[in-house]
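# no sequence on hand, only this structure:
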């Protein structure tokens, strides 16, 4: 069916039908609803190219995800985050293009490509940093964008719309849980120099300091990946010295699970001998015992706030002001560390 045929059925001219399907304020709400109902009855879909010509919009949002070395954690947590974003965007009748900042083969900017080729109406950044070229592209184009999940160690953070999980608070809560459970000698198993993990380590140190514990740098370990093997190998390689450890704060659930599985093999009881707290609250936790005490990041809330703000910007609504939100994570107490 063409738009002219739909217009004939509706008894309207095709311009009014086009405006109705694109929610134009020039058309009465009653008329728009009648046209949309007819379009649904006759399975009419407005051609995307035609829509673009009428509205100067693509109906598509770009989502920029990072490339991480800690593949398992990234697949789990960021994969779930990506699905939530895609579903939320589709609920607003937008499509999505999901990519990473750089083309892995050419090293050319995917952000520049999306913007310069006018492929998207706005961008959601789920990355912890951008290079200068991408900043210049975003600035010159004036394309709306929102940052979610990551807080950047960058002065630009306070100048853009963003929502993220407070990783300092999460690191603090995890360590505090161990301390409240009576653990006096916890260790921290963390990951690299990504800012979110730096903040988790800072929270760990602050909690120990507040509780009058010695913050021994040797008890804070950084690894190049976040994987099952990191936790498992840490326990196995230190099996002779585990008497000096009574708690583990693992800054990724998969690391915590690896440590627990190794302790089960060695006959070490969790949490009686060594308590464990994870981070991320991954779905896979339900398959392991004891059930993992962990830090739950408010993923759905980040998605909702970020998407809502971006769509407001795309549609020209400036009434809600800037989005600057640091969401406090939640401690979920289960079996591996009980207060």
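Structure's in. What do you need? No experiment lies behind these values; they were computed from the predicted model shown. Residues are numbered from 1 along each chain as shown.
# I figured residue 313 hits residue 144, correct?
Yes. With contact defined as C-beta atoms under 8 Å, residue 313 counts as touching residue 144 (3.6 Å). No exception for glycine: its C-beta is placed from N, CA and C like everyone else's.
# state the mean pLDDT of the helix or strand in which residue 113 is found.
Using DSSP states H and E, residue 113 maps to helix 110-116. What helix 110-116 shows for mean pLDDT is 94.
# show me how far that helix is from its chain's centre.
21 Å (C-alpha atoms, centre = their mean, to the nearest Å).
# next secondary structure after that helix?
Trace forward from helix 110-116 with DSSP H and E and the next one is strand 122-125.
# which other helices and strands contact that following strand?
Counting contacts by 3 or more C-beta pairs under 8 Å, 6 or more residues apart in numbering; DSSP states H and E, strand 122-125 is packed against strand 60-64, helix 110-116, strand 145-149, helix 299-314.
# which residues does the residue most central in space within the chain bridge with?
What sits nearest the mean C-alpha location of the chain, by C-alpha atoms, centre = their mean, is residue 149, with 4.3 Å. Going by DSSP bridges, residue 149 is paired in beta bridges with residue 164.
# what of residue 191?
As for beta bridges, residue 191 partners with residue 223 under DSSP bridges.
# show the pLDDT at it.
At residue 191, the model reports a pLDDT of 92.
# swap in the one 5 residues further on?
For residue 196, the model assigns a pLDDT of 91.
# mind giving me the packing neighbours of the one helix or strand it maps to?
Per DSSP H and E: residue 196 is located in helix 195-210. When contacts are defined as 3+ C-beta pairs under 8 Å, 6+ apart, helix 195-210 sits against helix 167-180, strand 186-191, strand 220-223.
# take those and write them to a markdown table, including mean neighbour count.
Below are the helices and strands packed on helix 195-210 laid out as a markdown table (neighbours: other C-beta atoms under 10 Å):
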| stretch | mean neighbour count |
| --- | --- |
| helix 167-180 | 24 |
| strand 186-191 | 25 |
| strand 220-223 | 16 |
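# what residues sit buried inside the helix holding residue 196?
By neighbour count with 16 or more other C-beta atoms under 10 Å, helix 195-210 contains the buried residues 195-201, 203-208.
# now do it and strand 186-191, the angle between them.
Angle, helix 195-210 to strand 186-191, by axes from the mean of the first three to the mean of the last three C-alpha atoms, to 10 degrees: 170 degrees.
# what's the closest of the buried residues of helix 195-210 to residue 93?
Closest to residue 93 out of the buried residues of helix 195-210 is residue 196 (32.0 Å), distances taken as C-beta to C-beta.
# need the pLDDT of the closest residue to the closest one other than its chain neighbours.
Take residue 196 and drop its neighbours on the chain: the residue closest to it by C-beta to C-beta, 6 or more residues apart in numbering is residue 167, 4.6 Å away. Per-residue pLDDT puts residue 167 at 96.
# again, but for the one 3 residues further on
Per-residue pLDDT puts residue 170 at 98.
# number of residues surrounding the closest residue to residue 306 other than its chain neighbours?
Among residues not flanking residue 306 along the chain, residue 148 sits closest, at 3.9 Å (C-beta to C-beta, 6+ apart). By the criterion of other C-beta atoms under 10 Å, residue 148 has 26 neighbours.
# list the contacts for residue 148?
85, 124, 125, 126, 162, 163, 164, 302, 303, 305, 306 (C-beta atoms under 8 Å, 6 or more residues apart in numbering).
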